[in-house]
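Student: the amino acid sequence is not available; the structure is as follows:
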């Protein structure tokens, strides 16, 4: 499978086989509110999650990014699930997309981010009450 990835173009980091990535990806945290998705033994980062601590002490998905080649492999889910495991509750904005809301708040979800959060709610990994309007 790894050999096939290299034969079909690019490096393993640029074109990881989905099944390999799903099994190998590990989530680490830098000691703050930043999570990273990578494969042990490889320096490439496939995804990141930054949380935002608001004035009430609530944690929010502030920024999540998954490399294009690693999307649809569970990387985003694993990042959010790691944060939930660590902190118990992570909120997500239901206020709309950054482009539609002109308030410079970085917690607004893109279409992909909203789909991820809705998927986690449908799986029972997040609660619908964790979706909130940014205030």
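Tutor: Okay, I see it. Since this is a predicted model, take the numbers as computed values, not measurements. Numbering: from 1, shown residues only.
Student: can you give me the strands in this structure?
Tutor: 26-29, 34-38, 45-53, 59-66, 92-93, 131-132 (DSSP state E).
Student: check which helices and strands the fifth one sits against.
Tutor: Here strand 92-93 touches strand 59-66, strand 131-132, going by 3 or more C-beta pairs under 8 Å, 6 or more residues apart in numbering; DSSP states H and E. C-beta coordinates here come from the backbone N, C-alpha and C atoms, glycine included.
Student: quick check: pLDDT value at residue 20.
Tutor: If you check residue 20, the pLDDT there is 84.
Student: can you check residue 53 too?
Tutor: 94.
Student: wait, what's in contact with the residue most central in space within the chain?
Tutor: In the chain, the centroid-proximal residue (C-alpha atoms, centre = their mean) is residue 76; its distance is 3.2 Å. Each residue near residue 76 by C-beta atoms under 8 Å, 6 or more residues apart in numbering is listed here: 47, 49, 64, 66, 112, 116.
Student: any idea how far residue 133 is from it?
Tutor: 22 Å (C-beta to C-beta, to the nearest Å).
Student: for residue 87, same thing?
Tutor: 21 Å.
Student: higher neighbour count, the two?
Tutor: For residue 87 and residue 133, the more surrounded residue by other C-beta atoms under 10 Å is residue 87, and the numbers stand at 13 against 8.
Student: ok, the more buried one - contacts?
Tutor: Counting by C-beta under 8 Å, 6+ apart, residue 87 has contacts 51, 59.
Student: got the confidence number for it?
Tutor: Looking at residue 87, the pLDDT reads 95.
Student: before we move on, what about residue 112?
Tutor: Taking residue 112 on its own, its pLDDT is 86.
Student: for it, what are its contacts?
Tutor: Contacts for residue 112 were tallied using C-beta under 8 Å, 6+ apart; they are 71, 76.
Student: any idea how far residue 41 is from it?
Tutor: When distance is defined by C-beta to C-beta, residue 112 is 28 Å away from residue 41.
Student: ok, residue 109 next?
Tutor: In terms of C-beta to C-beta, residue 109 sits 32 Å off from residue 41.
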